[in-house]
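Asker: from the sequence below, what's the structure:
(2 chains)
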Amino acid sequence: MSAVTAGRRTRSQLSFRQKLSNFDYKFSPYLYVAPFFVLFALLGAFPIIYTVNVSLYDWNLLKGQGDFVGLENYATTLQDPFFWNAFGNTISIFLLSAVPQLVMATIIAAVLDQAIRASTFWRMSVLLPYIAAPVAVAVIFTQIFNQFGGPITGLTEFFGLDPIRWGYDSFPAHIAIATMVNWRWTGYNALILLAAMQAIPRDMYESAALDGAGRIRRFWSITIPMIRPTMIFVIITATIGGLQIFTEPKLFDSSSNGGSNRQFQTIVLYLYEMAFPRRDFGRAAATAWILFLIIVLVGLINYAISRTIASQDITRVRTPKRAALTANGVRR
Amino acid sequence: MTSTVTRPPVVPRPLDREARRNKARFYDRPGWFSYALLGVFFLAAVFPLWWSFVMASRQASDINAVPPVVIPGPNFFANVMKAFATVDFAKALLNSIIISGTIAIAVVFFSTLAGFAFAKLKFRGRNPLMVTVIATMAIPTQLGIIPLFMIVSQLKLANSLWAVIIPGLVSAFGVFFMRQYLVDTIPDELIEAARMDGASMWGTFWHVAVPAARPAMAVLGLFMFMAAWTDFLWPLLVLGPKNPSVQTALAALAASGGHTPDYSMVLAGAVISIIPLLILFLLAGKQLIAGIMSGAVKG
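Answerer: Numbers count the residues shown, from 1 in each chain, chains lettered A, B, ... in the order given. Next comes the predicted model:
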């Protein structure tokens, strides 16, 4: 504080209180944002960056840091058929969850975007699954898809069909795991899309209706183009989350790490298996960084696509409202 | 520990009732098909939860009944007792409340503080710092678990609740969310006026920003509580079986019987793990929906 009090002659005409106040106004903002940046640097940024360091060493969970091995951990991982198996499983589960989820969420949102009765009740009911944690969802659906006698096995038996080996065959297992994701997230995404739909000016629908456009036509020609930025957002979050899926495949068969033959081992499960049962932190860190790069790459591709679409929209539709909406709609 | 990205801001939605009254606004009148569809979605959302509760109140052998059992039986409390005897659910519930509560309060506090500074105070480097916050939202910090695990072991925090709480103390999403809310909510003149009246910066924050931010703080706190409550991977790594969170306890319960566990007991555990959030949902579901629809998005 003494540095401030020993100011120049003109400044010294200010009372001590005023100087204190100036100091307060100048430095307080930094104090207010500091906790976030300090903690994020220590707990968010540093671990991600230090992962690179770990990945360059022979590093054991118990023995600690070993020899420097350069990029060997990356080379071994990328040559490991189990890594590519995990990669394929992740993509398969992701597609089986993202595509139906987006379609269903859009349908629910469109239905809710009407003068529906008891709208709060319906909104709450579609959001209900979201409150069940992934662990609980996995536990419940593991029983629903229980191949030795769950309700679905009961149904297939009842109709005289061959039993489906949900926990053993790769594709059925992917469907079961994708179902868990879909069940939890569809309603949540429907609400996000509903918010976007409600922001569409109603007179656009009205004039379209006056021009003779039917409900279906209005949906495809107004609703879908208008909510596209939000849809892109939903796809991006679903992608980032989907590539990191762990809980559902882990608990679908909790005695293994993604099935007895890795039928549903995902990339994060592969990472987990490397790090803990195998204690190979070097390989696990390399896997984490490969996945990190995949996610960043996918994010950049999405960003490029959404920018292109958004700039096309601005040139096509010139109403100020529309332009503002899409300009803001681009992900930053 | 959940990744986030921003999404396009949307204009606040008008009330449906208002819209129906207002002839100038055009809403489709839903037909019976819309209600039928909503009914199907309602059943799809509710059935797994209801079936879990029904199974939890019956016996394990009812699992493959055709059609599936839908009427509760008499064994709910017996199954719950069995679940509590198999894993330490009492401790797990307490631990999860402590973890989620601390994380929610800390994130709300730090985010309101930083969000206020970004929204209403002028300082050198404000814009680049805000861009940094937004950029960090898209980073999947979950992938830093290996070094984070090493830090926790170094600090001898393994098996302690701090190991779960500390990495969750700040959220880039929270800062962004509070900044977006405060930038439009507090008029700049109010900040100026407080300064003219001789209020300190802290006084302005405490007496002007915090009261204005209260609704957004509640929504952010709700989301952070739920995110911390449902987190699994990190607690699984750092909390041992003697000091579980609700999720690790439930996972241990599900694994307790190998491939043929006592289904009723396991599902009783699942029901217990859901009940606290179900209560929260019934009390604050509207705020939750408003939060999701206003752009309070967690990916």
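Asker: isn't B:Pro241 up against B:Ala255?
Answerer: No - counting by C-beta atoms under 8 Å, B:Ala255 is not a contact partner of B:Pro241; they are 10.5 Å apart. Quick note: C-beta positions are derived from backbone N, CA and C, even for glycine.
Asker: of the two, give the one with the bigger neighbour count.
Answerer: With neighbours defined as other C-beta atoms under 10 Å in any protein chain shown, B:Pro241 and B:Ala255 compare such that B:Ala255 has more, 16 against 11.
Asker: return the distance of that one relative to A:Val139.
Answerer: Computed with C-beta to C-beta, to the nearest Å, the distance linking B:Ala255 and A:Val139 is 10 Å.
Asker: and whatever residue of the stretch 151-300 of chain A ends up closest to chain B, how many neighbours does it have?
Answerer: Closest approach between the stretch 151-300 of chain A and chain B, counting by C-beta to the nearest C-beta: A:Thr237, at 3.3 Å. A:Thr237 is flanked by 23 other residues according to other C-beta under 10 Å.
Asker: how close does the residue in chain A positioned nearest to chain B get to A:Trp289?
Answerer: Of all residues in chain A, the one sitting closest to chain B is A:Pro47 (2.9 Å; C-beta to the nearest C-beta). Here the criterion is C-beta to C-beta. By it, A:Pro47 lies 12 Å from A:Trp289.
Asker: between the two, who's got more neighbours?
Answerer: The neighbour comparison of A:Pro47 against A:Trp289 (other C-beta under 10 Å) goes to A:Pro47, with 23 against 20.
Asker: please name the nearest non-neighbouring residue to the more buried one.
Answerer: Of all residues beyond its chain neighbours, the one nearest A:Pro47 is B:Gly144 (2.9 Å), with distances taken as C-beta to C-beta, 6 or more residues apart in numbering or on different chains.
Asker: thought A:Leu291 was touching the one you found, still the case?
Answerer: No - at 11.5 Å, B:Gly144 does not count as touching A:Leu291 under the criterion of C-beta under 8 Å.
Asker: flag the shaky bits of chain B, pLDDT-wise.
Answerer: Within chain B, the stretches with pLDDT under 70 are B:1-26, B:259, B:295-299.
Asker: how close does the most centrally placed residue in it get to B:Gly174?
Answerer: By C-alpha atoms, centre = their mean, chain B has its centre lying nearest to B:Met226, at 2.2 Å. Remark: distance between B:Met226 and B:Gly174 (C-beta to C-beta) = 13 Å.
Asker: overlap in contacts of the two?
Answerer: Residues touching both B:Met226 and B:Gly174 (C-beta atoms under 8 Å, 6 or more residues apart in numbering or on different chains): none.
Asker: hang on, the earlier thing: ok, for the residue nearest to the centre of chain B, nearest residue in space, not its chain neighbours?
Answerer: In space, and not counting its chain neighbours, B:Met226 is closest to B:Leu277: 6.3 Å by C-beta to C-beta, 6+ apart.
Asker: helix or strand: which one has that neighbour?
Answerer: In the assignment (DSSP states H and E), B:Leu277 maps to helix B:263-294.
Asker: who are the packing partners of that helix?
Answerer: With contacts taken as 3 or more C-beta pairs under 8 Å, 6 or more residues apart in numbering or on different chains; DSSP states H and E, helix B:263-294 sits against helix A:119-127, helix A:134-144, helix A:170-198, helix B:32-56, helix B:76-86, helix B:89-120, helix B:210-230, helix B:246-255.
Asker: distance to A:Gly88 added to those helices, as JSON lines?
Answerer: Putting these into JSON lines (distance: least, C-beta to C-beta, whole Å) gives the following:
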{"stretch": "helix A:119-127", "distance to A:Gly88": "32"}
{"stretch": "helix A:134-144", "distance to A:Gly88": "21"}
{"stretch": "helix A:170-198", "distance to A:Gly88": "9"}
{"stretch": "helix B:32-56", "distance to A:Gly88": "28"}
{"stretch": "helix B:76-86", "distance to A:Gly88": "36"}
{"stretch": "helix B:89-120", "distance to A:Gly88": "35"}
{"stretch": "helix B:210-230", "distance to A:Gly88": "27"}
{"stretch": "helix B:246-255", "distance to A:Gly88": "26"}
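Asker: right, and those - which one's nearest A:Asp162?
Answerer: helix A:170-198 (11.5 Å; C-beta to C-beta).
Asker: what is the mean pLDDT for that closest one?
Answerer: Throughout helix A:170-198, pLDDT has a mean value of 95.
Asker: equivalent analysis for stretch A:250-270, please.
Answerer: Here stretch A:250-270 scores 94 as its mean pLDDT.
Asker: now stretch A:109-123
Answerer: For stretch A:109-123, the mean confidence score works out to 92.
Asker: quick one: distance of it to the chain centre.
Answerer: Distance of stretch A:109-123 from its chain centroid, counting by C-alpha atoms, centre = their mean, to the nearest Å, is 26 Å.
Asker: same question, stretch A:98-109
Answerer: The answer for stretch A:98-109 is 16 Å, by C-alpha atoms, centre = their mean.
Asker: now what about it, what contacts it?
Answerer: Stretch A:98-109 has contacts (C-beta under 8 Å, 6+ apart) with A:126, A:178, A:181-182, A:185-187, A:189-194, A:196-197, A:224, A:227, A:231, A:234-235, A:238-239, A:242, B:37-38, B:41.
Asker: make it 10 Å
Answerer: Stretch A:98-109 is touched from outside by A:122-123, A:126, A:178-179, A:181-198, A:219, A:223-224, A:227, A:230-231, A:234-235, A:238-239, A:241-242, B:37-38, B:41, B:44, with contacts defined as C-beta atoms under 10 Å, 6 or more residues apart in numbering or on different chains.
Asker: then it to CSV, C-alphas only?
Answerer: The C-alpha atoms that make up stretch A:98-109 are tabulated as CSV, following Å, rounded to 0.1, in the frame of the first residue of the first chain:
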residue,chain,number,x,y,z
ALA,A,98,-26.2,-40.3,-31.4
VAL,A,99,-28.3,-40.9,-34.5
PRO,A,100,-31.5,-42.4,-33.0
GLN,A,101,-31.1,-39.9,-30.1
LEU,A,102,-31.0,-36.9,-32.4
VAL,A,103,-34.0,-38.1,-34.4
MET,A,104,-36.1,-38.9,-31.3
ALA,A,105,-35.1,-35.6,-29.6
THR,A,106,-36.1,-33.6,-32.6
ILE,A,107,-39.5,-35.4,-32.8
ILE,A,108,-40.2,-34.9,-29.0
ALA,A,109,-39.2,-31.2,-29.3
